[in-house]
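# Okay, here's the prediction I keep looking at, along with the sequence it came from:
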Amino acid sequence: MDEKDEIGKLLEEYQMQKTRRENGEDKTLPELEPPKRSIDFSADKVEEQEPAQSNEKAEKNSEKQQKETDKIMSKKKREENKNTFLIIFNTVKTKLMTKNTAIFLVALVLIILAAFGIKYAVNRNENAYLTPYENEYNIDFPDGMLKEYCDYYGENQNTAGYIKIKDIDFESPVYIEATGEPSVKRCMSECTLQNYIISLDTKELEKHYNSASAYNDSQGYIEYSNLFENYRFSVVGAFYTNTDPDDDNGYVFPYKTPETMTEKSASTFVTDLQTRFLYYTQNFSRKDKLLIITCPTDLREGFEFVLVCKMTDSNKEWEAKEVDESRIHYPQIVYDDKGIENPYRLANGWYPEVVVNIYTDDNGESVTEARQLTELDYM
C-alpha cells in the first residue's frame, strides 16, 4: 500500500469517527496508530535498525499525516460552513424580502383605504346638509345639489332646473320634458349637453324681446340653474320659426339640439341662427353655452318665438341693432305671403352632427365619434 492509499484510508477512518462522535455514538477519539513499516520476509537478510530511530521516524510520519488530514478536513469544513452560510443568508434574505414586500403591500392597501375613507368622509361632510331633506322626503338626493332647490326636487324628482326672468316677474322650477311646464329638453344619453333648450308656455316674453327697441327697454338677462350651479345668460338675438314642415318646404329648423355638436356642425348652427335673428346684441361662437327659450306666438299659427342667450359672467349692458328685413331668414310661407322670392330657399335641409364619443387612439391622436341626426330625431 503506497502513501497515497494510506492517507485516503486515514481520511476515511477519521471521517467515520467524526460522524460517530457527532451522532453521539463515540465520545472519545482513540489515538490513531502510526502506519507500520512493512517487512519483506522473503528477503535473505533483514536489515536491522535501531528501535529509537524507527519510532522517531514513525512519529514524524504520523504527525505529518495528521497535519495533512487536519488541513484537508479544515478546508472541507470551511466549504461546508460557507455553503451553510450562503443557504442561511439566502433564506433569510428571501424571508426578509417577502416580509418587506408584505409590509409594503399592507401599507399600500391601508393608504388606499385611508384615502377612500377620507374622500368618503369629506364627501359625506360636504353633503351633510342633504341629510334632513333625505329624511323628510325619504329619497336620495344627488351630491352637490344646491340647498335652495332641494325642496323642489324633494317634491318632484323630475325637477331638472330653475329659471328666473325679471322682465315678466317669472320664476319657476323647470322639469324634464313631457313631465311638466316649463320643461327642458333631454340630452341623448350617449352625448354630452351643450345647450339648454327651455319650453316656456307664455306669450309675455315675446313682448320684451321681439325687436331691437323692445330689447333695449328690457333687462337683457335670464337666470337659469341646473340645480347644481347658478348661471347668468345674456340675450344675443331672437327669431320666429315654423313647427309645421309644410310651412317651409318640408323643413323645420332643428334649433332644439341640446347635445354637443361637432365643430363643423356647431359653426353651421351659429351661422343659421344669426341669419334668422330679428336683431343682434353681441357676437357669440360655437364654443358658447346657449340657453334657448321657445314660446308660443300670435304672429302666425304653428309658429314659435325663440329667444337665444349665451352664458356670461358679465353684467355689461348691450344695445341691440335691427337686422335689415331683406336679410332675415324666414320660413317659406312668409315669403309666399309677401309674394317675394326666398333668398334662402336652397339653404334648408341641414341637420346637426352630434358627438357621441371622444377617445385617444394608439398613436395618441384624439378621435371623435359622431352621429348624424335626421328629421326623425326631431319628431
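Okay, I see it.
# Beta-bridge partners for the nearest residue to Phe277 once chain neighbours are set aside, please?
Of all residues not flanking Phe277 in the chain, Gly237 sits nearest, at 3.6 Å (Cβ to Cβ, 6 or more residues apart in numbering). Bear in mind the C-beta positions are built from the backbone N, C-alpha and C, glycine included. In this entry, Gly237 is beta-bridged to Tyr280, Val308, by DSSP bridges.
# those helices in the stretch 151-300 of the chain, which residues are they?
204-209, 212-216, 263-276 (DSSP state H, counting those that start in this stretch).
# Quick check: which ranges of the stretch 51-200 of the chain have low pLDDT?
Within the stretch 51-200 of the chain, the stretches with pLDDT under 70 are 51-102, 104-110, 112-124.
# Please repeat the previous calculation with a cut-off of 50.
Applying pLDDT under 50 to the stretch 51-200 of the chain flags the ranges 51-52, 120-121.
# now, of the helices of the stretch 151-300 of the chain, which is deepest in the fold?
Most buried of those, by mean neighbour count (mean count of other Cβ atoms under 10 Å): helix 204-209, with a mean of 20.
# Show residues contacting that helix.
165, 167-168, 170, 214-215, 217-218, 235, 238, 293, 295, 297, 305, 307 (Cβ atoms under 8 Å, 6 or more residues apart in numbering).
# what's the answer for stretch 281-293, then?
The contact list for stretch 281-293 (Cβ under 8 Å, 6+ apart) reads 194-200, 205, 215, 220, 222, 224, 231, 233-237, 255-256, 261, 263, 266-267, 269-270, 306-311, 318-321.
# how about a cut-off of 7 Å?
Residues outside stretch 281-293 that contact it (Cβ atoms under 7 Å, 6 or more residues apart in numbering): 194-198, 200, 205, 215, 222, 224, 233, 235-237, 255, 263, 266-267, 270, 306-311, 318, 320.
# what about burial for the residues you listed, which qualify?
194-198, 200, 205, 215, 222, 224, 233, 235-237, 255, 266, 270, 306-311, 318, 320 (16 or more other Cβ atoms under 10 Å).
# Please tell me the pLDDT value assigned to the residue nearest to Phe277.
Note on Gly237: pLDDT of 98.
# which residue sits closest to Ala202 in space, ignoring its chain neighbours?
Small correction: residue 202 is Thr, not Ala. In this structure, Thr202 finds its nearest non-sequential neighbour in Cys295, 6.0 Å apart by Cβ to Cβ, 6+ apart.
# again with Phe239
Of all residues not flanking Phe239 in the chain, Arg276 sits nearest, at 3.9 Å (Cβ to Cβ, 6+ apart).
# How much space separates that neighbour from Tyr240?
From Arg276 over to Tyr240 the distance is 8 Å, taken as Cβ to Cβ, to the nearest Å.
# What of Thr297?
Distance, Thr297 to Tyr240, by Cβ to Cβ: 7 Å.
# Any chance you could list residues touching both of the two?
Joint contacts of Thr297 and Tyr240 (Cβ under 7 Å, 6+ apart) are Phe303, Phe305.
# List the contacts of Lys256.
Going by Cβ under 7 Å, 6+ apart, Lys256 touches Lys185, Ile197, Tyr378.
# Same list as before, those residues that is, but in TSV and with distance to Gly349 included.
Converted to TSV, the contacts of Lys256 look like this (distance: Cβ to Cβ, whole Å):
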residue	distance to Gly349
Lys185	22
Ile197	21
Tyr378	13
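# Return the subset of those lying in strands.
Ile197 (DSSP state E).
# gap between the residue nearest to Trp350 when sequence neighbours are not counted and Lys256?
The shortest distance from Trp350 to any non-neighbouring residue, by Cβ to Cβ, 6+ apart, is to Thr268 (6.1 Å). Thr268 sits 16 Å away from Lys256, going by Cβ to Cβ.
# picking that back up, okay, the helices of the stretch 151-300 of the chain in CSV with distance to Ile176 and mean pLDDT next?
CSV is the format used below for the helices of the stretch 151-300 of the chain (distance: least, Cβ to Cβ, whole Å; pLDDT from 0 to 100):
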stretch, distance to Ile176, mean pLDDT
helix 204-209, 21, 98
helix 212-216, 30, 98
helix 263-276, 23, 97
